[in-house]
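1. Just a sequence and a predicted model for now, questions to come.
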Amino acid sequence: MSSPLASIMEPDTDTLCRMDLAEARAKVKAADRAFVELQTAATKAKVELFDACAEAIQAGDTADAIEDQLKDGKTPEQIRDGLAFTAAYIRRKARDRGVAPQRGGPKPRKQGSE
């Protein structure tokens, strides 16, 4: 799958050398427009994600379970680079949306840890 910015990120240098100023400016405007559209869509998707997380927590899910679900299908590098949200971040976003904190208490131990 090719992104809208693929042609900008890997330009054909021969084409760029023959491009006049008006063409170059048009290309910059098009790339900027594509970037802003992608950024706006990503922001909207992030808001929708945390609205859904807040609903899941209100329905009885835990932030830890949601974190695990979000990490499914991600590479270790993506998780390391912060592309999967932590349970603490999910809880904070849920609080921002008015979700009451869940009842505290001892957390269940993960299998194999002693």
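-> In hand now; what should we look at?
2. Residue ranges in this structure under the pLDDT threshold?
-> 1-17, 105-108, 112-114 (pLDDT under 70).
3. same thing but 90
-> 1-20, 73-88, 91, 95, 99-114 (pLDDT under 90).
4. Which parts of it are helices?
-> If DSSP state H is used as the criterion, the helices of the chain fall at 6-9, 13-18, 21-58, 63-71, 76-80, 87-96.
5. Between these, which one is closest to residue 110.
-> Nearest of those to residue 110, taken as Cβ to Cβ: helix 63-71 at 9.8 Å. Using the backbone N, CA and C atoms, a C-beta is placed for each residue, glycine as well.
6. Would you convert the helices of the chain into TSV that also reports mean neighbour count?
-> Output for the helices of the chain, formatted as TSV (neighbours: other Cβ atoms under 10 Å):
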stretch	mean neighbour count
helix 6-9	12
helix 13-18	9
helix 21-58	13
helix 63-71	17
helix 76-80	11
helix 87-96	16
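7. Indicate which one of the ones you listed is closest to residue 103.
-> Nearest of those (Cβ to Cβ): helix 21-58, 12.2 Å.
8. now that closest one against helix 63-71, angle please.
-> Angle, helix 21-58 to helix 63-71, by axes from the mean of the first three to the mean of the last three Cα atoms, to 10 degrees: 140 degrees.
9. Thanks a lot, catch you later.
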